[in-house]
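*Asks:* Sequence isn't available, so here's the structure alone:
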């Protein structure tokens, strides 16, 4: 049965592509690589009942990379088919909207927002929520796409046409996020972010495009023109 044509950034696409989340070489392969890179920013838990809230958790791709760090991993997403898969990977799942997280204030030692901000029409609300649920001293880790012509070209114009690239229509480039705006939004809620550019390592990426096998390291780069990571600590009392 052919995949339905959806509007750009339609959450129903994740149900249409439910079989792709964990398929080796599948449509969400790059999300696995980004999850591995994001996990390197997650510190080991510092208390016995530490909680990691994974906002926009999808099918739980972060889970294998944080499994040994001592957190109770709570995943929040709107795609119920993805949450079923996340639960099978040890994530405690909650169906909810990132603009109004169904979680109490200051409940999380770490909040992960992986490839989330470029999908939300109301960035201030989501920034408020991911900071609200973070404990003082807790860490926010994220990665997203910059609002540049280069990012639109790489992620949409090229990325959606390359076999094995992003699923067609998965992004709305009008929602891509300038780093300065994300920094300002989080700073207004007590979280001071640091930013660095990232990209897939070139040679492993070429090898993957040829074989669709293995993983590709995500490496830091000077330029934030396409992808960037953000991380910071909530400093208020």
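*Replies:* The structure has been received and is ready for your questions. Predicted, not measured: the structure shown is a model, and the values here were computed from it.
*Asks:* so where's this protein uncertain?
*Replies:* By pLDDT under 70, the weakly predicted segments of the chain are 1-3, 164, 237.
*Asks:* mind listing the helices for it?
*Replies:* When assigned using DSSP state H, the helices of the chain occupy the ranges 12-16, 29-39, 63-66, 80-88, 123-132, 149-152, 179-187, 202-211.
*Asks:* I'd like these as CSV, with distance to residue 102 and mean neighbour count appended.
*Replies:* Backbone N, C-alpha and C define where each C-beta goes, glycine included. Formatted as CSV, these follow (distance: least, Cβ to Cβ, whole Å; neighbours: other Cβ atoms under 10 Å):
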stretch, distance to residue 102, mean neighbour count
helix 12-16, 19, 17
helix 29-39, 23, 21
helix 63-66, 20, 18
helix 80-88, 13, 18
helix 123-132, 10, 21
helix 149-152, 31, 16
helix 179-187, 21, 17
helix 202-211, 37, 13
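*Asks:* Let's have those helices in a markdown table, adding distance to residue 172.
*Replies:* Formatted as a markdown table, these follow (distance: least, Cβ to Cβ, whole Å):
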| stretch | distance to residue 172 |
| --- | --- |
| helix 12-16 | 11 |
| helix 29-39 | 17 |
| helix 63-66 | 27 |
| helix 80-88 | 19 |
| helix 123-132 | 13 |
| helix 149-152 | 10 |
| helix 179-187 | 16 |
| helix 202-211 | 24 |
